[in-house]
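Q: based on what follows, work out the 3D shape:
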Amino acid sequence: METRKFGSTDMNVSVLGFGGAEIGYEQASGSDVERLLNAALDQGLNVIDTAECYADSEEKIGQAVAHRRNDFFLFTKCGHASGFDLPDWNPKMLDQTIDRSLKRLQTECVDLVQLHSCSAELLKQGDVVDVLVRAREAGKTRYIGYSGDRENALYAVQCGAFDSLQTSVNIADQECLHLTLPKALATGMAVIAKRPIANAAWKTGEAGPANGYVQPYWERLRQLAYGFLSESSLDEAVGIALRFTLSQSGVNVAIVGTKNPSRWGVNSSFASQGALPSSQVEEIRRRWHEVAQPDWVGQT
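A: Numbers count the residues shown, from 1 in each chain. Now for the predicted structure:
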């Protein structure tokens, strides 16, 4: 699988990474996670991204692949929806979160700890960033990053504190392509694209998604009416959507989640096809500019 330099870090990352939300939220079995991740690592995966708030995702990842820790880069997130006694973004809670994550993931150090959707106002106060800086100094993480969208992400890029930005980049969520990605690229920040296939919202059909989380993308895509969504098979549409995201300047890795052990190979084959033809990228961008409404902003 193709690898790309991860911003100004010393990491070369696979263009397709694994996102750990689904295996936690959708209660994937431990045996399925073990099969999925080990097979993916064998096929070239070297980025696994998770978060404390993804139910038991961290535990499952630790149980499945801790014995292969040198085979991949491990990213996690802290701060959002902590669910513990202390409120979100409390510095003491953040410090405890990092220690809990290390224990669950069965490692002494992760490659990246990210603040999960923290507001610009909190970032400006500095204490939440200081927690991550201290974790890096203590050897608990090699790099620190920010995960989020819109003006909060813009401030995270401009403040100079972070090594990476994780943000929504997909056919239904293109605000970042002018707001944050060019600036991140100019400063040498690494970029992780989340939701690169727009939650495959078009797969839900005319009735719409049962999951309200997917609803905004489904509504946007009905108005965008990209030709390839109706003219291609479901898998072909997924491939085009993924390759659109990977075609954007500054994107180093796109993370896709699944709990289906056989799905990784399919997604990997799409990523291996490389960038979309420039004419197809331009057509998707043109349609976005024609149809997108002012409130079609980055989704947290």
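Q: quick one, strands of the protein?
A: Residue ranges of the strands in the chain, as given by DSSP state E, are 3-5, 12-14, 16-19, 47-49, 73-78, 110-116, 141-147, 164-168, 190-194, 253-256.
Q: now render those as TSV, adding mean pLDDT, mean neighbour count and distance to Asp127.
A: From N, CA and C alone the C-beta is placed, and that goes for glycine too. Conversion of the strands of the chain to TSV gives the following (pLDDT from 0 to 100; neighbours: other C-beta atoms under 10 Å; distance: least, C-beta to C-beta, whole Å):
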stretch	mean pLDDT	mean neighbour count	distance to Asp127
strand 3-5	97	15	31
strand 12-14	98	21	30
strand 16-19	97	26	28
strand 47-49	98	26	25
strand 73-78	97	26	14
strand 110-116	97	26	11
strand 141-147	98	24	14
strand 164-168	97	28	20
strand 190-194	98	26	24
strand 253-256	97	25	28
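Q: who are the contact partners of the residue positioned nearest the centre of the chain?
A: The C-alpha lying nearest the average C-alpha coordinate of the chain belongs to Lys194 (C-alpha atoms, centre = their mean; 3.1 Å). If you count contacts by C-beta atoms under 8 Å, 6 or more residues apart in numbering, Lys194 has them with Gly19, Ser147, Gln166, Thr167, Ser168, Val169, Ile255.
Q: what's the closest of those to Ile240?
A: The shortest approach to Ile240 among the contacts of Lys194 belongs to Val169, at 14.4 Å (C-beta to C-beta).
Q: check the gap between the residue lying closest to Ala210 once chain neighbours are set aside and Asn211 for me.
A: Nearest residue to Ala210, sequence neighbours excluded (C-beta to C-beta, 6 or more residues apart in numbering): Thr204, at 7.5 Å. Distance check for Thr204 against Asn211: by C-beta to C-beta, to the nearest Å, it reads 8 Å.
Q: now Tyr54
A: Summarising the geometry, the distance separating Tyr54 from Asn211, computed by C-beta to C-beta, is 15 Å.
Q: show me which of Thr204 and Asn211 is the more surrounded one.
A: Regarding Thr204 and Asn211, a neighbour count based on other C-beta atoms under 10 Å identifies Thr204 as having more, with 17 against 12.
Q: and the gap between that one and Ala55?
A: Where Ala55 is concerned, Thr204 sits at a distance of 22 Å (C-beta to C-beta).
Q: follow-up on the earlier one: of all the strands of the chain, which one is nearest Arg104?
A: If we rank the strands of the chain by C-beta to C-beta, the stretch that ends up nearest is strand 73-78, at 8.9 Å.
Q: chain center to that closest one, what's the gap?
A: Between the mean C-alpha point of strand 73-78 and the mean C-alpha point of its chain there is a distance of 10 Å (C-alpha atoms, centre = their mean, to the nearest Å).
Q: does anything pack onto that strand? Which helices or strands?
A: Packed against strand 73-78 by the contact rule (3 or more C-beta pairs under 8 Å, 6 or more residues apart in numbering; DSSP states H and E) you find strand 47-49, helix 91-105, strand 110-116.
Q: who does that strand pair up with?
A: Taking DSSP bridges as the criterion, strand 73-78 sits next to strand 47-49 (parallel), strand 110-116 (parallel) in its sheet.
Q: switch the ones you listed over to CSV; also include distance to Asp295.
A: Converted to CSV, the strands paired with strand 73-78 look like this (distance: least, C-beta to C-beta, whole Å):
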stretch, distance to Asp295
strand 47-49, 28
strand 110-116, 23
